[in-house]
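Q: compute the structure for the input listed below.
(2 chains)
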Amino acid sequence: MIEMISFLFAIGVGFGLSCLIFGSMLDKSNNIGDSRGSANDYKAYIHYTARKDCMSKEDRTNFCNRYYERVDDPDLEPRGYERVRRLTEEEVAAFRKAAEEKKAARLALQKEAELARQNGLSGTTEDEFKLWESRQPSNNMTGVFKPLDGN
Amino acid sequence: MATLCKNCSHALVFDPATQKLFCSSCGSSYRPEDIEAESKEYRQDLRAESMEKIYDSKDKDLMDCYVYSCSECGGEIIINGSEASTTCVYCGNPNVVFSRIAKQKCPEFVLPFSITKEQAIDRVRKKLKKGIFIPKEIKNFSIDCIRGIYIPFWIINAEYTNAVVIQGQVKSGKNSVTRYFGRAGRMRLNNLPIDASQALSDESSSKLEPFDLKMLKPFDEDYLAGFYSNVSDVTYSDLKFSTLNRAKEYFEEEAMADVHASRKTVISSQPSLKIHNNMVYAMLPAWFITFKYKGKPNTILVNGDNGKVVCALPWNKGLFYSLLFTVGAVFTSAAYIAFKYTLPIFFAGRSSSSSNDSRGKIIAVLVAGIIALFTVGIKKMIKVFKNIKLTQDKSMFNFTKKRQG
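A: Down below sits the predicted model:
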């Protein structure tokens, strides 16, 4: 029994080690120049926006969607089937004009949304405040539930 | 058309050793920037004509073939749809297809060859000499053909974001637990060269990196004289796909390094990539050396800028397997003797339950270690075999071989 177990263990160690050594030797001998530019060469370092360890099932299902940040803009990119080439000066000018127009339209929309948001969040108006004061009982409790004003 | 010598009108060839255009007939040499521009401009009108059109044929093999006339002898030069410079099969003179590098089609930069043909061959032979498992026939290989080719590249700046979930094991042995880690972030890629030739696989061209991009020179077609070259023929989706793959690889590598666990794998990710429109079109140099071994084509690549040799060669199977099994048998015998005398110590004798527990743990660790060692060894071998197969690519052989000259 001991001999059998010793033999099995020995085969594992012997051939495992041999495969590891000769695999590395073959790699060094016959697979020449098997490397590419590293992340360092292209200054590709991550700026982390979220880090989570020991995630629950719910976390790991939602993590990618929650922290997904879209940077590409299909409207501004060339179509996939188009050959990549240098643009002529006219094309560059037209492209810049279109991009600027698109950016301006987007900014206008953002501004509109911001205004709507500001209006929605604006504080209590003078009339609302007076109405509230008039509805208060006469037991001088006005300071307790006073609504927040605009400031 | 070729740039001609001012003294004897013979075609000039770019010499990587002196970085000058050299006339093999009268020995004159010129710096590419000194060659007058007017002599180049009129040649842009000369175009390569489609073979289908010239011969009025519907032959599928001729669909991507074009005919160009040699500037020296007027002979027909047959080129494919993306070749920008070649050599005349009749007179051996260099020819640049000007219509393909005119105006917006022309690259902005070129990295001239600094390694000569002889230096490239010398570096390859030196590398091959060191290989223990390289067959003698390959060590003393006779070159089937050697071509200096300028490969088109897009040098890209990009913004990349990703959110990944990594699965990994923490603690070890019986206490090992699977945990999940989330990493999200953004990354910038600066000056990443992406191969712009459909005929050459990204796998092969990326191995030629790194290129010293500080040495790029404004494009001048005179640098192409005496070499072959291709123009960009990739689509935007090809370019985006290649960039995305590289960025994903770098992101996952760094994110995994940030996680403290073993046996890590990315189980889900959601990437996004934006390629900035300030990308640069450049031609980068490489020597392609082809030879046949046992009837099968093999290609060795040499970076024409720094001399990096890239190849995966067939190995001497007889020598490899005999050494593997001999050394394996020696290790097995030594390990057998060691185990035969040490294992009885663990199994023999009556003792308390606590010492039995510790013996059990030692045996469990030993078995796990042996299985891990065996698995790692086998995995290493499989990985090496796969790598060697990948780089013995037939398409790469055709990329070099199909050129006229």
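
Q: count of neighbours near residue 80?
A: All of this is about chain A. 13 (other C-beta atoms under 10 Å in any protein chain shown). Every C-beta, even on glycine, is put in place using the N, C-alpha and C of the backbone.

Q: please refer instead to chain B.
A: Residue B:80 has 18 neighbouring residues, counting by other C-beta under 10 Å.

Q: bridged to it, which residues?
A: Beta bridges link residue B:80 to residue B:65 when assigned by DSSP bridges.

Q: in chain A, where's the longest strand?
A: In chain A, assigned by DSSP state E, the strand with the most residues is strand A:46-52.

Q: send the alpha carbons of that one over as PDB?
A: Presented in PDB, the C-alpha positions along strand A:46-52 are these (Å, rounded to 0.1, in the frame of the first residue of the first chain):
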ATOM      1  CA  ILE A  46      -6.300  52.600 -14.200                       C
ATOM      2  CA  HIS A  47      -7.900  55.500 -12.300                       C
ATOM      3  CA  TYR A  48     -10.400  53.600 -10.100                       C
ATOM      4  CA  THR A  49     -13.900  54.900  -9.700                       C
ATOM      5  CA  ALA A  50     -15.200  52.000  -7.600                       C
ATOM      6  CA  ARG A  51     -13.700  49.200  -5.600                       C
ATOM      7  CA  LYS A  52     -15.700  46.600  -3.800                       C
END
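
Q: so which bits of the helix or strand that that strand is followed by are buried?
A: Next helix or strand after strand A:46-52 toward the C-terminus (DSSP states H and E): helix A:57-67. Across helix A:57-67, burial judged by 16 or more other C-beta atoms under 10 Å in any protein chain shown covers A:60, A:63, A:64, A:67.

Q: tell me which residue is most central in chain A.
A: Centroid check for chain A by C-alpha atoms, centre = their mean gives residue A:69 as the closest residue, at 3.2 Å.

Q: longest helix in the chain, by residue count?
A: You didn't say which chain, so I picked chain A. The residue-count maximum for a helix in chain A (DSSP state H) belongs to helix A:89-121.

Q: my question was about chain B, not that one.
A: Counting residues, the longest helix found in chain B (DSSP H) is helix B:353-391.

Q: now that helix: how far from the chain's centre is it?
A: How far helix B:353-391 lies from its chain's middle: 33 Å, per C-alpha atoms, centre = their mean, to the nearest Å.

Q: so where's chain B uncertain?
A: Counting by pLDDT under 70, the ranges of chain B that qualify are B:1-2, B:36-64, B:89, B:98-105, B:347-356, B:390-393, B:401-405.

Q: not counting its neighbours along the chain, what's nearest the residue nearest to the centre of chain A?
A: Leaving aside its sequence neighbours, residue A:69 sits nearest to residue B:161 (C-beta to C-beta, 6 or more residues apart in numbering or on different chains; 4.4 Å).

Q: likewise residue B:339?
A: Take residue B:339 and drop its neighbours on the chain: the residue closest to it by C-beta to C-beta, 6+ apart is residue A:6, 3.7 Å away.

Q: ok, and that neighbour, which helix or strand is that part of?
A: Under the criterion of DSSP H and E, residue A:6 resides in helix A:2-30.

Q: which elements pack onto that helix?
A: Contacts defined by 3 or more C-beta pairs under 8 Å, 6 or more residues apart in numbering or on different chains; DSSP states H and E place helix A:2-30 against helix B:317-347, helix B:353-391.

Q: which one of these lies nearest to residue B:149?
A: helix B:353-391 (16.9 Å; C-beta to C-beta).

Q: what does the helix or strand following that closest one contact?
A: Where DSSP H and E defines the elements, the next helix or strand beyond helix B:353-391 is helix B:394-401. With contact meaning C-beta atoms under 8 Å, 6 or more residues apart in numbering or on different chains, helix B:394-401 is reached by B:144-145, B:147, B:149, B:197, B:199-201, B:204, B:288, B:290, B:297-299, B:301.

Q: ok, 10 Å please
A: The contact list for helix B:394-401, computed with C-beta atoms under 10 Å, 6 or more residues apart in numbering or on different chains, reads B:80, B:144-147, B:149, B:151, B:197-201, B:203-205, B:228, B:230, B:286-292, B:296-301, B:393.
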